[in-house]
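Trainee: need a 3D model of the following:
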Amino acid sequence: MDHSQSPFEPANGGTAAWAAAACGLAAIVIAMTEALTSVLQNVPFPMALPVLGLCAIAFCTRDASLRKQFEAQAHRHNAARRELEAKNHWFTITEGHARVGHWRLSLTTNEVFWSDATFAIHGLESGNPPSLHDAINFYHEDDRQIVTDNIEKARVTGQPYTFRARIITKDGELRHVDAGATVECAADGTPTALFGVIKDRTGEESMQAELRVARDEARALALSKGQFLARMNHEIRTPMNGLLGFAELLELSDLTAEQRRHTQLIIDSGKNLQTLLNDILDLSKIEAGKTEILYADVDIQTLLLQLKEMADPLAREKRIKLVCDIAPSMPRKIETDALRLRQILSNLISNAVRFTDVGIVSMTAHSSDGTLYFSVTDTGKGIAADMREKIFDPLLQDQTNPTSLKSGTGLGLAISRQLAELMGGGLTVRSEFGEGSIFTLTLPDRAAFTLENPSKPEPPTAEKPAPAAKTASPLKPQTKLHSSGRILLVDDFEINRELMIDMTRELGVAVECAEDGAEAVTAIHHAQAADAPFALVFMDLQMPRMDGLEAARRIRADGFGEDELPILALTANAFADDVENCLAAGMQAHLAKPLSMETLRETLTKWAPDCFDTAQSSSAHDTPPGPAPRKRTADQSGGR
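Mentor: So this is what the prediction gives:
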């Protein structure tokens, strides 16, 4: 079959029309000749000539009419043929651009038709199509059975099919194609032919392969970044634990005024470094999509008053007026993430107080049209127009502004805006240089009930955090504990073990040390056999021989329950995954290094109150403190 003859195009359209017209004309001439002969046989000769003349005139008239009909019919056929040729031309162009070809297979003769685009997809010049056997051999050897099975199934069932396979072109190029066909049937329903299409999707497949490679590279990069941050976090927190811990112990000793000032500068510098580390961790978790928003009812009045109390000491020192105004429209309680809301507002308020030398810092809260507005306004130096958006970018901090010397890490506002967006809101700023600033946090309104009489708020009933102070208060002798038990410290770093020995000695608590998880398991069993069990275990995570997670699992498997022996992670690994892994291994809490004296004291009295109590309350044993909670929740008191 000629490849240029499409299966749906009539064969020799114009020639067929003219042949039909000629046949019709011949039939009419023969019929008229027979009729004339019959008439002349019954007419006398003298009258034959007039009759013959009339018949000739009638014949000529009829011939002219028929000729006009035939010419009109031929014209219509020619117009239809030209229209069909034009459509086939555009169809061929469309196939070529779309990389889609069509084909036809006779199921009775196995004769094959290919369109020009089908030839092109197979890397061939248009011409005579291949046999069915040769056409199938263009497919990849692993895919030929798919083609054969689908053709035979269609031949038997008359059902259409589609499949995806690979072909090898004449030049050896591998191409990916989609193929499909419908079945043409005879009047009795017997399948007689397949009419199908083939689409070259090699470009699409290549693009998808490139996207998969890019996706895998991005995932590997994110994993590498996460691993690097985790490693750097561990490596920085480990020496910081010794730095801050020994500085606190040094501050408790007899020092001159200058020595005490130098010691306090060491502590303040270490805490600034810890703040920077926490900011980096927060930012990396947000960018990695690992920050979860935990919704709960939050008392707005209590929260704002607590934040005001925390900022009051520095405001009084700078003689700045600090006010808080809650509008009647503001709900008393909202449903949001209390920790993240506190983090954002605390950053805004502390920034406002730090950057304001004269005047006032105000906190306002109101609700309008389903949105909550928290604004912090200051009368500080303001922000230049070209810096208003840069302050929210962790990579574009203002290094030329002299006020940046006291701006901290520069990450707080970037973190606050991203947290606000995660909570469904936003963080904006209005400011003019030299005229102060207004930072506004917006959140969706999840009101519980409306505040009444905000001008006379009730004192907060929640436990207040300690007000932020410029310097840490040294531990007093009366903070020592009354101890009737001992703890086990598991840490491979010698400085950390020495620090814990000195800190627990200062608190009056006995401690025993193990250098890895295997030693810890052995020490716990020996202590139990000697009827002198440990009251608490502080467990590092990264250690040789046996790490902290495996040691915790082994201890729990050996029958030491969490009520009998609490295990607390004390580690430089401070990511959310680390906390989850610790709890899953059987630990009760997670403390991030560095560990302060106050945090250590609070941790001992919380998790082992029967063994460790404050010295002041040791004489009142008739009302001992209640048992510490044993639920498997993360204790982040050692972190930010």
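Trainee: can you map out the helices along the stretch 501-640 of the chain?
Mentor: 517-529, 548-557, 576-584, 597-607 (DSSP state H, counting those that start in this stretch).
Trainee: can you list those in CSV and add mean neighbour count and mean pLDDT?
Mentor: To be clear about C-beta, it is placed using only N, CA and C from the backbone, and glycine gets the same treatment. Below are the helices of the stretch 501-640 of the chain laid out as CSV (neighbours: other CB atoms under 10 Å; pLDDT from 0 to 100):
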stretch, mean neighbour count, mean pLDDT
helix 517-529, 18, 94
helix 548-557, 21, 95
helix 576-584, 17, 85
helix 597-607, 20, 88
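Trainee: longest strand of this protein?
Mentor: Secondary structure of the chain per DSSP state E: the longest strand is strand 174-185.
Trainee: the helix or strand following that strand - what's its average pLDDT?
Mentor: Going down the chain from strand 174-185, the next helix or strand is strand 191-200, by DSSP states H and E. In this model, strand 191-200 has a mean pLDDT of 91.
Trainee: could you chop this structure up by domain?
Mentor: Domain assignment for the chain by automatic domain parsing gives 1-91, 99-200, 296-450, 477-619.
Trainee: mean neighbour count, those: which tops it?
Mentor: domain 477-619 (a mean of 19; mean count of other CB atoms under 10 Å).
Trainee: next one: that one to chain centre, how far?
Mentor: 37 Å (CA atoms, centre = their mean, to the nearest Å).
Trainee: related to what we said a few turns ago, of the domains of the chain, which is nearest Ala209?
Mentor: domain 99-200 (10.0 Å; CB to CB).
Trainee: end-to-end on the closest one?
Mentor: 5 Å (CA to CA, to the nearest Å).
Trainee: quick revisit: out of the helices of the stretch 501-640 of the chain, which gets nearest to Leu249?
Mentor: Nearest to Leu249, of the helices of the stretch 501-640 of the chain and by CB to CB, is helix 597-607 at 7.8 Å.
Trainee: kindly export stretch 284-294 (C-alpha atoms) in CSV.
Mentor: Provided in CSV are the C-alpha atoms of stretch 284-294 (Å, rounded to 0.1, in the frame of the first residue of the first chain):
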residue,chain,number,x,y,z
SER,A,284,17.8,26.0,59.8
LYS,A,285,14.8,24.1,61.2
ILE,A,286,12.4,26.6,59.6
GLU,A,287,14.1,26.4,56.2
ALA,A,288,14.1,22.6,56.4
GLY,A,289,10.4,22.6,57.1
LYS,A,290,10.8,20.8,60.4
THR,A,291,9.3,23.5,62.6
GLU,A,292,5.9,22.4,64.0
ILE,A,293,3.2,24.8,65.1
LEU,A,294,1.4,23.4,68.1
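Trainee: what's next to that stretch, contact-wise?
Mentor: 222, 225-226, 229, 282, 337, 339-340, 415, 418-419, 422-423, 575-577 (CB atoms under 8 Å, 6 or more residues apart in numbering).
Trainee: now the end-to-end length of stretch 120-140.
Mentor: Using CA to CA, the end-to-end distance of stretch 120-140 comes to 17 Å.
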